[in-house]
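Engineer: The following block contains a protein sequence and its predicted model.
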Amino acid sequence: MPLHEWTLSPEEAIALQWRLAPRVECRDRIGDVHRIAGIDIGFEQNGEITRAAVVVLAWPGLSMLEHVVHREPTRMPYIPGLLSFREVPAALQAFTLLNSPPDLVMVDGQGIAHPRRLGVASHLGLWLDIPTIGVAKSRLCGTHDDVPPRRGEWTPLRDGDETIGAVLRSRQSVKPVYISPGHRLGLETAVAWVVRCLGRTKLPEPTRLADRLASRRGAFL
DNA sequence: GCGACAG
DNA sequence: ATCTTGTCGC
């Protein structure tokens, strides 16, 4: 499978997504969780350099176990729906720098809440063959009702007759986050893990810390 | 044809 | 994503 061919045309990328989507698993196939990773990508030099950051937190406790950063030249532009082709290559390189693989990964972006059900979290999960959860700050596709105001409450994100994710109130009076299964777990399990990793901020700790490391803002120790 | 559009 | 300080609100 030519998953390593990242310099694809939009047409080729879309064709590849249609072929890979059927491989994504949304049934729980997740073992004991002791290491939870957060991954995010940032850019430097006017976007010419892609910076992938991965943090690994302990469960329970959420203490920092590892954190790595990988930089490389940016190869693809950002195109809605094709985000994974721009970010996954660098993310995979970053994962090779870890001392041991995580049991669960939270990704900044959508999982199956994607036009072809293959958002960046699903694509990365398929490649790593590790359970992944998509944690996005905004909507790509699908519709939903208003989200209840209480922290932890959520409403389903739907596309036609399919439920593709959850719009979660991770913090009161703050815009909700879009949660969707990436790979090897279902929606309920995905939401449960995100809620468990929630601090007082909008984003769960894994993604929040990876975000800071990727964009090199503030200290996170 | 006219919007919408993860990061 | 990124450029960017202080400021309003919960």
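Structural biologist: Received it, and whenever you're ready, just let me know what you need.

Engineer: can you give me the helices for chain A?
Structural biologist: Ranges of helices within chain A are A:10-20, A:83-96, A:120-128, A:187-196, A:205-214, based on DSSP state H.

Engineer: Please see if the last one touches DNA strand B.
Structural biologist: No. Legend: contact between helix A:205-214 and DNA strand B by Cβ under 7 Å from any atom of the strand is lacking; minimum distance shown is 7.9 Å. All C-beta atoms are positioned from the backbone trio N, CA, C, and that covers glycine.

Engineer: From the centroid of chain A, which residue is nearest?
Structural biologist: A centroid search over chain A (Cα atoms, centre = their mean) returns A:Val107, at 1.8 Å, as the residue closest to the centre.

Engineer: I'd say it and A:Val120 touch.
Structural biologist: Yes. Distance between A:Val107 and A:Val120: 5.9 Å, which falls inside the contact criterion (Cβ atoms under 8 Å).

Engineer: Overlap in contacts, the two.
Structural biologist: Shared contacts of A:Val107 and A:Val120, defined by Cβ atoms under 8 Å, 6 or more residues apart in numbering, are found at A:Gly134.

Engineer: roughly how far apart are A:Pro10 and A:Pro77?
Structural biologist: Going from A:Pro10 to A:Pro77 by Cβ to Cβ, to the nearest Å gives 10 Å.

Engineer: more neighbours, the two?
Structural biologist: Neighbour comparison, A:Pro10 and A:Pro77: the larger count goes to A:Pro10, with 13 against 10 (by other Cβ atoms under 10 Å).
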